[in-house]
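> What shape does this take:
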Amino acid sequence: MRWFWIDRFTEFVAGETAEAIKCISLSEEVVDEYSPCRTFLPASVIIEGIAQTGGLLLGQMSDFNDRIVLAKVTSSEFHFEAEPGTKLTYRVRITNNDEMGAMVEGTSHAGDRLQAKIDLMFARLDDERFKGVELFEPAEFCRMLRLLRLFEVGVYPDGSKVQIPDHMIEAEQAFLKIGV
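The predicted structure follows:
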């Protein structure tokens, strides 16, 4: 099972900001089965969607070679529940970034209404302790990024397009060659 908590990117400025949408559907088990009497997308899943948006924004800065993981939810504030039929827009902005990790501010909006504000801390897993540990299989990860339309909307601050990293294209080609 895939755990995508965003549906697609709508904006992506490498190293700076990203925007993604999540359309909430009653057909999602997490919406229908979380609460016995009400249907809504749980706050933890909204946090994860914003974390996926921010984590991919950070990961792109190293052509997805760094191992970026969510380390801490620094703060979260929710104003109302997101019910089926709602389209949430997640916006993230990198506020701090160094070799150890990064900080990201994120918001969730339903139309013009602020639904949530979240501050997240990410860590970079170092090669000394995590050498050889891959978080994603490169060909499948590239497929996921294509589905999320990152390379369709992604640009650098100068306006040039974000390209698929060579190592991901090579992994895709190898995957297709063996016919798995």
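
> so how far is F78 from the closest residue to E77 other than its chain neighbours?
Leaving aside its sequence neighbours, E77 sits nearest to K117 (C-beta to C-beta, 6 or more residues apart in numbering; 4.9 Å). No exception for glycine: its C-beta is placed from N, CA and C like everyone else's. Between K117 and F78 the computed distance is 8 Å (C-beta to C-beta, to the nearest Å).

> before we move on, the earlier item: before we move on, which element is the residue nearest to E77 in?
Assigned by DSSP states H and E, K117 falls within strand 113-125.

> Okay, now the sheet partners of that strand, with direction.
Strand 113-125 has the following strand partners under DSSP bridges: strand 67-78 (antiparallel), strand 101-110 (antiparallel).

> what's the angle between the longest helix belonging to the chain and strand 101-110?
Determined from DSSP state H, the single longest helix within the chain is helix 43-60. Using axes from the mean of the first three to the mean of the last three C-alpha atoms, to 10 degrees, the direction of helix 43-60 lies 130 degrees away from that of strand 101-110.

> Start at 9, not 1
That works, and once the first residue is 9, the last one we named lands at helix 51-68.

> Report the buried residues of helix 51-68.
51, 53-68 (16 or more other C-beta atoms under 10 Å).

> Please apply the same query to stretch 97-109.
Quick answer for stretch 97-109 (16+ other C-beta under 10 Å): T97, Y98, R99, V100, R101, I102, G109.
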